[in-house]
Every structure is written in C-alpha cells, then in structure tokens.
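1. Quick one, what's the 3D model for this:
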Amino acid sequence: MAPAMGFAVPLLSILHGVITLLGVCAMVSLLATGTIGGLTLPANVPVWVAAVLLLMVYGILVGPLKLARRACYRGAGRPGWSWSVVFLLDSVVSIALVVALVWLAIHFSPELRKAVHSIPSLAHQAKDDVRTWWQEQR
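-> You can find the predicted model right below:
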C-alpha cells in the first residue's frame, strides 16, 4: 500500500463525515424551521421540494468522496487480498462518528433538540402536501 493511501483514506472519511453532519443539520433545520442556515425558501417552494434538492446536493458532494475512497481500496489491494473488511470497518466508523456528532449536537443544542422534536409533525404536513399536490394533478 502506498503511503499516500494511508493518509488519503482517513482524510476522505473525515470529509465525508463532515459533509454528512452538515447535511443532517441542514435537513433538520429545513424540516423544523423552513430555513437552511438562516436562508429562507422562496414562497412558492414547498419544504419537501427543498428537502429533495438538499438530498441531491448531498449526493453530488459525497459521491466523488466515496469513489475516491473505493479507488484507494482497489489500488491498495493485492491479488488474493480483499479490502472489503477495511471498507466495512471504514463505513462503520464513519456512521458511528456521524451518529455520535449528531447525538452531541442534539444533546447540547436546545434549538436543534426542539427542531428534532418537531420533525414528526412536519413529516405529516409534507405527506399531506404531497397528497394534495397529487390529487390536483389528476
């Protein structure tokens, strides 16, 4: 394994975790307050459309990082050696890091805690908006 890969994989994992954490916080903010980082949505854009667009932006940002990590795994492999265990461990650590950071953010931020508690009612509202929109299309 090249020494650069030993540096690249953790760096890519940390970047992926940071972007995921920012995406989760942006989604919670959007669903709870209708704003993202203080930026309000245009009046004619429903919250669920903004949520879908936010997920698309997240995918666009995270996709290259995932591809680069997987390229590092393939480049580090030797014939007969499987890096799937390393990939699995890296994925588990990334998920655990994001869950821990989100838990800490919710635990220490009253605004975020309030936003998380309002998600079920906002999900029901989004469901009703989609149902109404769908019936209008018929």
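
2. Output the contacting helices and strands for the least confident helix or strand in the chain by mean pLDDT.
-> The element with the least model confidence among the helices and strands of the chain, by mean pLDDT, DSSP states H and E, is helix 84-108, at a mean of 77. If contacts are counted by 3 or more C-beta pairs under 8 Å, 6 or more residues apart in numbering; DSSP states H and E, helix 84-108 sits against helix 3-33, helix 47-76, helix 110-117. Where C-beta positions appear, they are placed from N, C-alpha and C, glycine not excepted.

3. helices and strands around the shortest one, which ones?
-> Here helix 110-117 is seen to pack against helix 3-33, helix 84-108 when contacts are counted using 3+ C-beta pairs under 8 Å, 6+ apart.

4. If we go by neighbour counts, what in the last one is buried?
-> Within helix 84-108, the residues that qualify as buried by neighbour count (16 or more other C-beta atoms under 10 Å) are Val86, Phe87, Asp90, Ser94, Leu97, Val98, Leu101, Val102, Ala105, Ile106.

5. And the first one, by the same measure?
-> Neighbour counts over helix 3-33 (16+ other C-beta under 10 Å) mark 8-9, 12-13, 15-17, 19-21, 23-33 as buried.

6. Kindly report the same for stretch 45-56.
-> Val47, Trp48, Ala50, Ala51, Leu54.

7. Could you do stretch 59-74 as well?
-> Leu65, Arg69, Cys72, Tyr73.
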